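Visitor: here is the input, now give the coordinates:
(chains A and B)
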Number of protein chains: 2
Amino acid sequence: MNIVYKSTASRGELWARLLAELAPEINFRQWPDIGNPLDVDYLVAWQPPENIMQWFPNLKVLFSVGAGADQFDYASLPPELPVVRMIEPGLTQGMVEYVTFAVLGLHRGMPRYLQQQRQQQWLEQPAKPAAQCRVGVMGVGTLGEAVLQPLVQFGYDCAGWSRTAKNLPGVQSYVGEAQLNAFLARTDILICLLPLTDATEGILNASLFAQLPPGAALVQVGRGRQLNHQHLLEALNQQQLSAAVIDVTQPEPLPEGHPFWRHPAIWLTPHIASQTQPESAVRALLDNIRRFENGEPMQGLVDRQRGY
Amino acid sequence: MNIVYKSTASRGELWARLLAELAPEINFRQWPDIGNPLDVDYLVAWQPPENIMQWFPNLKVLFSVGAGADQFDYASLPPELPVVRMIEPGLTQGMVEYVTFAVLGLHRGMPRYLQQQRQQQWLEQPAKPAAQCRVGVMGVGTLGEAVLQPLVQFGYDCAGWSRTAKNLPGVQSYVGEAQLNAFLARTDILICLLPLTDATEGILNASLFAQLPPGAALVQVGRGRQLNHQHLLEALNQQQLSAAVIDVTQPEPLPEGHPFWRHPAIWLTPHIASQTQPESAVRALLDNIRRFENGEPMQGLVDRQRGY
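Guide: Numbers count the residues shown, from 1 in each chain, chains lettered A, B, ... in the order given. Prediction:
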């Protein structure tokens, strides 16, 4: 069995070491040293090469190293080629940590306190109990479900918005376009964990922000192209939104002088909410290869109609 | 039954309203309108008046409105007067939220990312899994136990240091002076939740910091007089510590120009980690008064020998 891996060299080293340990029978090749392209079975990549099937005519599965698979040009891929997103506990755990951090920080007014600190102000703000703070997650897949769990445990008033109804303890489920307004109207802290599709591109815009209660806050951990930067800045400056924690942007990194770098109500991080952990990612890959070879369904198989 | 309450007027209003609802038989008086001082049974205060027994010769119990009772001048209080700290779920929940926020933020390098943001740097730092991040809580009382619970659930490698051994699931217990060094040597994120006593005054100093692994971080939510500011600054500047989240200082607020206001590796908040929530605090007070009148032990009774 032959795998080609295409990401950074340092990560490739780690994957090579882990695969040698866990599955020594696998022939692991790091881009650009791909060996004989005709015998490559599996490609594991963030950004694959163009014309992927011309490179690897006998490819059986394309694996993304990240939670998303929106970076692939599906038009150039044969419709029968399975494309698989990474679902692994390290990635999920990282997202849970990041979102919990962001929600606790926004609930307790930390962006404002850190601003006050730099202004040498010592000024207590009232904090409402978690039960009176309404948190809403857009996109309730593997990651959305996972982040809701500790938020429910902390006592937040939680809801999720998704394409299909979800039945999660302590989480009110809102479904589809028809219930988006009602979901937004009850949400003080909005978390975007949507996949990037035609329907979600640009979804975080002025008309969406206007439907949130005044003073609401945003946690953007979906995809950069979902957020309209100018609309966010206007919503913050008009105090329709009070603060935003942003991990993904379009482009990445932002250009020099972009207003997000210096905005006091924005906390910006460099796409680190969820970092694939090689140990658990390699295990997830091996499990999916085993499933594929046994004719079982793979975890994270992309439904091309849905787009994720 | 007559209660005198001495704190801010706005909080007093809230307490008056809640008590009128929950225990209309109680005669609630707000400082300075104390009525006949001879018939005052209970004093609820943060800073009580001086010569408290001359004011209220028939006082039965002195209640603190906060989690600590170190603000009282015990020399001026009759030895038989019970002094009670506030233990109520709102106060505990607030501390749990704050400490979880701080630990997640320090574990995931957020102080550094926010610095990078202001410098327009987009630079991913590696994150280790929670299981490889060793969190240690100094002071394992009601609050310490409560903050450890979510930290264990997030998968951190947790330990507690206390006067007596504790048996908490997922938490290694270190006891007394003899085990302090071992506790510090295994702690990447140190949380101080100690009460203020002669033994803990100034405990967060250069010699303690030197025993932590290089690059460790501090969360100071104990009492201001426990932390040596100069030693913290030196430890940060020498990179013995990487960051600190500080909610209490001595004095409060810090004077203008104090280096904590502007230090990039310090997050400073104005003593807001744990804010007494009037609803649950009034219930806790009523429960303790009922206990006292029935001769049952009160929650949070101060042991004057121990000092908390």
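Visitor: in the stretch 101-250 of chain A, which residue sits nearest chain B?
Guide: Nearest to chain B, among the residues of the stretch 101-250 of chain A, is residue A:122, at 3.2 Å (C-beta to the nearest C-beta). For glycine as for every other residue, the C-beta is placed from the backbone atoms N, C-alpha and C.
Visitor: what is the neighbour count of that residue?
Guide: For residue A:122, the neighbour count with other C-beta atoms under 10 Å in any protein chain shown is 16.
Visitor: one more: residue A:96?
Guide: Counted with other C-beta under 10 Å, residues neighbouring residue A:96 total 24.
Visitor: check what pLDDT it gets.
Guide: Model confidence at residue A:96, given as pLDDT, is 98.
Visitor: what's the angle from the host helix or strand of it to helix B:89-107?
Guide: When elements are assigned from DSSP states H and E, residue A:96 belongs to helix A:89-107. Angle, helix A:89-107 to helix B:89-107, by axes from the mean of the first three to the mean of the last three C-alpha atoms, to 10 degrees: 130 degrees.
Visitor: ok, which stretches of the stretch 151-300 of chain A are helices?
Guide: For the stretch 151-300 of chain A, the helices defined by DSSP state H, counting those that start in this stretch cover A:180-185, A:206-211, A:229-237, A:278-293.
Visitor: repeat for the stretch 1-150 of chain A
Guide: Using DSSP H, counting those that start in this stretch, helices in the stretch 1-150 of chain A cover A:9-22, A:52-55, A:89-107, A:110-118, A:142-153.
Visitor: what's the most buried one of those?
Guide: helix A:89-107 (a mean of 24; mean count of other C-beta atoms under 10 Å in any protein chain shown).
Visitor: now for the residue of the stretch 101-250 of chain A closest to chain B: which residues touch it?
Guide: Listed by C-beta atoms under 8 Å, 6 or more residues apart in numbering or on different chains, the contact partners of residue A:122 are A:116, B:252, B:253, B:254, B:270.
Visitor: of the residues you listed, just say which sits nearest to residue A:297.
Guide: Closest approach to residue A:297 among the contacts of residue A:122 (C-beta to C-beta): residue A:116, at 51.9 Å.
Visitor: would you agree that closest one is in contact with residue B:267?
Guide: No - with contact defined as C-beta atoms under 8 Å, residue A:116 does not count as touching residue B:267 (11.2 Å).
Visitor: near chain B, which residues of the stretch 201-308 of chain A show up?
Guide: Residues of the stretch 201-308 of chain A that fall close to chain B, judged by C-beta under 8 Å from any C-beta of the partner chain: A:252-254, A:256-257, A:261-262, A:266-272, A:275, A:277.
Visitor: tell me which of these is nearest to chain B?
Guide: The shortest gap between chain B and any of those belongs to residue A:253, at 3.1 Å (C-beta to the nearest C-beta).
Visitor: for the closest residue to the closest one other than its chain neighbours, give me the pLDDT.
Guide: Spatial nearest neighbour of residue A:253, chain neighbours left out: residue B:122 (3.1 Å); criterion: C-beta to C-beta, 6 or more residues apart in numbering or on different chains. For residue B:122, the model assigns a pLDDT of 97.
Visitor: could you check the distance from residue B:122 over to residue A:256?
Guide: Residue B:122 is 11 Å from residue A:256, where distance means C-beta to C-beta, to the nearest Å.
Visitor: now swap in residue A:123 and tell me
Guide: 33 Å.
Visitor: same deal with residue A:178?
Guide: 43 Å.
Visitor: same deal with residue A:23?
Guide: Residue A:23 sits 44 Å away from residue A:256 when distances are taken as C-beta to C-beta.
Visitor: state the mean pLDDT of stretch A:248-262.
Guide: Taken as a whole, stretch A:248-262 has an average pLDDT of 97.
Visitor: how far off centre is it?
Guide: On the basis of C-alpha atoms, centre = their mean, to the nearest Å, stretch A:248-262 sits 18 Å off its chain's mean C-alpha point.
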